[in-house]
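Asks: Pasting the sequence and the predicted coordinates here, then a few questions.
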Amino acid sequence: MPRYDLILFDMDDVLCHSDRRYRAAHLAQLTNTTADRVYAAIWGSGIDAAADAGKISTTTYLREVALQLGVPFSADQWLEARKASMTPNPEVLDLVAQVRKTHQVAVLTNNSELVGDNIDFLFPELRPLFGDLIFPSSVFGAAKPDTQCFLGCLSAIGMTPEQGIFIDDMAGNVAGAQKAGMAGHVFSGHEGLVAYLQEQGVL
């Protein structure tokens, strides 16, 4: 059985529950528009994906969303709605606390620098568990499932692909990690993750 040194976690819908529709509704209230319009402006337009891949800056992202909505749109509004849409997953966070006693743990999330720079506001539970190893995909100039994203993250941590297991709720992202040379698990719940980590000799 391979010996793994790194367990790399996705954030949204693994370490926390994230509700895009709720976020859109929250932003709609803050900007006096509709949830459907917000959803289309952020996710339907491709702006969010471009920010996740590091193709546009936070300033450009916020400006483009404001143009799409036709109303002023600030970083503070975005952050307020983002935080409101996130609910920590205590079972998985407790599992991370157990795993980190014997293995390096880190986070790789498809997100922009706006999330990376404000993670302590958005998700304060992460820092005590992961320290500085909390990476938004934007810093690597590519988003999951692009192998460039995984390889950049591994290089930043100082690990090889063969040393790592990647956990994500999206099968396509796990496939990308496996293509990069990592082991991977598609997260569907705490019990399944525990069973997988036990099978791999992590627990």
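Replies: Done, it's in. Given the structure is predicted, the values throughout are model-derived calculations rather than measurements. Residues are numbered from 1 along each chain as shown.

Asks: I'd like the distance from stretch 126-141 to the chain centre, please.
Replies: 9 Å (C-alpha atoms, centre = their mean, to the nearest Å).

Asks: buried sites along that stretch?
Replies: Buried residues in stretch 126-141, counting neighbours by 16 or more other C-beta atoms under 10 Å, are found at Leu126, Leu129, Phe130, Leu133, Ile134, Phe135, Pro136, Ser137, Ser138, Val139, Phe140. Every residue, glycine included, has its C-beta placed from N, CA and C.

Asks: Just put those residues in a markdown table and tack on secondary structure and distance to Gly70.
Replies: Converted to a markdown table, those look like this (DSSP: H, G, I helix; E, B strand; the rest coil; distance: C-beta to C-beta, whole Å):
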| residue | secondary structure | distance to Gly70 |
| --- | --- | --- |
| Leu126 | coil | 35 |
| Leu129 | helix | 40 |
| Phe130 | helix | 38 |
| Leu133 | coil | 39 |
| Ile134 | strand | 34 |
| Phe135 | strand | 34 |
| Pro136 | strand | 28 |
| Ser137 | helix | 29 |
| Ser138 | helix | 26 |
| Val139 | helix | 31 |
| Phe140 | helix | 33 |
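
Asks: between the residues you listed, which is nearest Asn118?
Replies: Taking C-beta to C-beta as the measure, Asn118 sits nearest to Pro136 out of those, at 10.2 Å.

Asks: What score does the closest residue to the closest one other than its chain neighbours have for pLDDT?
Replies: Excluding its sequence neighbours, the residue lying closest to Pro136 (C-beta to C-beta, 6 or more residues apart in numbering) is Gly116, at 3.7 Å. We have a pLDDT of 95 for Gly116.

Asks: residues contacting the one residue sitting closest to the centre of the chain?
Replies: The chain has Thr109 as the residue nearest its centroid, 2.2 Å off, counting by C-alpha atoms, centre = their mean. Shown in contact with Thr109 (C-beta atoms under 8 Å, 6 or more residues apart in numbering): Asp10, Met11, Asp12, Val115, Ile134, Phe135, Pro136, Ser137.

Asks: how about 7 Å then?
Replies: By C-beta atoms under 7 Å, 6 or more residues apart in numbering, the residues touching Thr109 are Asp10, Met11, Asp12, Val115, Pro136, Ser137.

Asks: for the last one, what are its contacts?
Replies: Spelled out, it's Ser137. Asp52, Ala53, Leu108, Thr109, Asn110, Asn111, Ala143, Lys144, Cys149.

Asks: same check, this time on the fourth one
Replies: Contacts for Val115 were tallied using C-beta under 7 Å, 6+ apart; they are Thr109, Leu122, Pro136.

Asks: try 10 Å
Replies: 11-12, 51-52, 58, 78-79, 82, 109, 121-123, 134, 136-138 (C-beta atoms under 10 Å, 6 or more residues apart in numbering).

Asks: buried set for the helix or strand containing it?
Replies: Using DSSP states H and E, Val115 maps to helix 113-117. Neighbour-count burial for helix 113-117, with 16+ other C-beta under 10 Å as criterion, is recorded at Glu113, Leu114, Val115, Gly116.
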